[in-house]
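**Student:** Sequence plus the predicted model coming up.
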Amino acid sequence: MFVPMAVYRPDDPQTPIDIGEGYGPHCLGASFSFSQALERRRWLEEANATWFIPFLERLAKGEHVPIAEIRKAYRDIFGKEIPCAMSHDL
């Protein structure tokens, strides 16, 4: 069984969004620009990341969105801190 996930990597200006079926080495997924990720809303829905779409829309327009704002939105919606890790820790 796979766990769909969406990952925002703010340190990668070209393809900062990863969307995939999980985090293992054999899980399918890809990296996208903000606008490319917006074209894959179904994938975002499967990853329970629709809350992030308004941020993607702003980021795609070139707006700077503070990480603190994203974390607060996640906390307000899910009642817990957003999962954060280095990719090698996943």
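**Tutor:** Yes, it's here. Owing to the predicted nature of the structure, the values given are computational and were not obtained by experimental measurement. Numbers count the residues shown, from 1 in each chain.

**Student:** Please count neighbours and contacts with C-alpha atoms only from this point.
**Tutor:** Fine.

**Student:** Now do the strands in the protein.
**Tutor:** 5-8, 17-20, 29-32 (DSSP state E).

**Student:** so can I have JSON lines of those strands showing mean pLDDT?
**Tutor:** Shown next, in JSON lines, are the strands of the chain (pLDDT from 0 to 100):
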{"stretch": "strand 5-8", "mean pLDDT": "84"}
{"stretch": "strand 17-20", "mean pLDDT": "84"}
{"stretch": "strand 29-32", "mean pLDDT": "86"}
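
**Student:** so which of the ones you listed gets nearest F52?
**Tutor:** strand 5-8 (9.4 Å; CA to CA).

**Student:** Can you give the strand pairings for the closest one, parallel or anti for each?
**Tutor:** Strand 5-8 has the following strand partners under DSSP bridges: strand 17-20 (antiparallel).

**Student:** Let's see the distance spanning stretch 48-56 from one end to the other.
**Tutor:** End-to-end distance for stretch 48-56: 14 Å, by CA to CA, to the nearest Å.

**Student:** gap between R75 and I82?
**Tutor:** From R75 to I82 the distance is 7 Å (CA to CA).

**Student:** Now the biggest helix by length in the chain: average pLDDT?
**Tutor:** The longest helix of the chain (DSSP state H) is helix 67-78. For helix 67-78, mean pLDDT rounds to 94.

**Student:** In it, which residues are buried?
**Tutor:** By 16 or more other CA atoms under 10 Å, the buried positions in helix 67-78 come out as 73-74.

**Student:** For that helix, which helices and strands make contact with it?
**Tutor:** Applying 3 or more CA pairs under 8 Å, 6 or more residues apart in numbering; DSSP states H and E, one finds that helix 67-78 contacts no other helix or strand.

**Student:** If anything else comes up later, I'll come back, but that's it for now.
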